[in-house]
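Student: for reference, the sequence and a predicted model appear below.
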Amino acid sequence: MSGEQNKIPQATAKRLPLYYRFLNNLHHQGKQRVSSKELSEAVKVDSATIRRDFSYFGALGKKGYGYNVEYLLGFFRKTLDQDEVTKVALIGVGNLGTAFLHYNFMKNNNTKIELAFDADPKKVGTDIGGVPIYHIDQLEEKLGSASVAILTVPSSEAQGIAERLVESGIVGVLNFTPARITVPERIRVHHIDLAIELQALVYFIKHYPLEGEHEDHNGFKE
Ligand SMILES: NC(=O)c1ccc[n+]([C@@H]2O[C@H](COP(=O)([O-])OP(=O)(O)OC[C@H]3O[C@@H](n4cnc5c(N)ncnc54)[C@H](O)[C@@H]3O)[C@@H](O)[C@H]2O)c1
């Protein structure tokens, strides 16, 4: 996301892929318009938030008409750089990595795992779901124009591999290992830890019981 969209608040920007996925489905079903209420029920974000979010992109729904699906999709595609495929590399083809390779990310957006790396000679030279697996020693040679990497290696390997990725021009890392990696400030790292998410969910259930209030999918009240 870049350029003129700099002014969109981060909370709004985070919801864009969610909106995009739903609108894309509507588009495939041949729907031309959608109301904020329909959107709200589908993506579980309250309609006031949706209206505020959409106002940042100059999409003003009309009363009794709703939003034009095609206009919104066009906007999202541009904002999320969906016209261009972002090439993703996956490092570590174990339990988790294999599952990701089987999942077809392209179904909903233009982010695609193009290649994978592993240290296990039994895996090198094979492919999963059409994604070739190279030896980690070939990282620098094969990475090509991939700009994002998914890290699904043992945590002890994470820092070393992250450094090599940064050296090779990767600008974003989706880190599934429990290791907190240190990278230069210009590199964006998103950390995903199911154990921590589960613990947080259980804590929220206990301490913040819902009383019919709407929360976004990260549990934040609007
Ligand atoms: N984020 C989560 O919610 C979550 C859930 C489960 C596991 N994990 C983490 O994800 C990581 C992977 O878990 P898993 O169950 O798939 O493990 P796994 O042992 O099945 O897979 C790890 C893979 O990494 C490869 N590998 C090892 N060293 C390497 C190196 N230097 N370079 C390239 N590849 C290398 C191994 O050959 C193996 O194929 C672990 O760090 C684990 O703690 C995270």
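Tutor: Nice, thanks for sending it over.
Student: please count neighbours and contacts with C-alpha atoms only from this point.
Tutor: OK.
Student: the nearest residue to residue 187 once chain neighbours are set aside - how many residues pack around it?
Tutor: Computed as Cα to Cα, 6 or more residues apart in numbering, the closest residue to residue 187 that is not its neighbour in sequence is residue 171, at 5.0 Å. A count of nearby residues for residue 171, using other Cα atoms under 10 Å, gives 17.
Student: which ones are touching residue 171?
Tutor: Contacts for residue 171 (Cα atoms under 8 Å, 6 or more residues apart in numbering) come out as 147, 148, 186, 187, 188.
Student: quick check: phi and psi on it?
Tutor: phi -110, psi -10 (degrees, to the nearest 10).
Student: sorry, back to before: of the contacts of residue 171, which is the nearest to residue 93?
Tutor: Checking the contacts of residue 171 against residue 93 by Cα to Cα gives residue 148 as the nearest, at 16.1 Å.
Student: I would like the residues contacting the longest strand along the chain, please.
Tutor: Criterion DSSP state E: the longest strand present in the chain is strand 111-118. Residues external to strand 111-118 that are found in contact with it (Cα under 8 Å, 6+ apart): 85-93, 101, 104-106, 124, 131-136, 139, 143, 146.
Student: which ones among these lie within helices?
Tutor: Those of the contacts of strand 111-118 mapping onto helices are 101, 139, per DSSP state H.
Student: out of the contacts of strand 111-118, which touch the ligand?
Tutor: 91, 92, 93, 136 (Cα under 6 Å from any ligand atom).
Student: include pLDDT when you put those into JSON lines, please.
Tutor: Shown next, in JSON lines, are those (pLDDT from 0 to 100):
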{"residue": "91", "pLDDT": "98"}
{"residue": "92", "pLDDT": "98"}
{"residue": "93", "pLDDT": "98"}
{"residue": "136", "pLDDT": "98"}
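Student: buried sites along the worst-scoring helix or strand of the chain on mean pLDDT?
Tutor: When the helices and strands of the chain are scored by mean pLDDT, DSSP states H and E, helix 69-79 comes last with a mean of 84. Neighbour counts using 16 or more other Cα atoms under 10 Å place 69, 70, 72, 73, 75, 76, 77, 79 of helix 69-79 among the buried residues.
Student: repeat for stretch 80-100
Tutor: For stretch 80-100, by 16+ other Cα under 10 Å, it's 80-82, 86-93, 97-98, 100.
Student: ok, now stretch 127-138?
Tutor: 128, 131, 132, 133, 134, 135, 136.
Student: start and end of stretch 126-142, how far apart?
Tutor: Length of stretch 126-142, first residue to last, Cα to Cα, to the nearest Å: 15 Å.
Student: contacts for it, please.
Tutor: 91, 98, 101-102, 113-121, 123-125, 164-165, 168.
Student: re earlier: report all helices and strands that the least confident helix or strand of the chain contacts.
Tutor: Counting contacts by 3 or more Cα pairs under 8 Å, 6 or more residues apart in numbering; DSSP states H and E, helix 69-79 packs against helix 10-28.
Student: re the thing from before, looking at the buried residues of stretch 127-138, which one is closest to the ligand?
Tutor: residue 136 (5.1 Å; Cα to the nearest ligand atom).
Student: for the residue nearest to residue 187, give me the pLDDT.
Tutor: Listed pLDDT for residue 171 reads 95.
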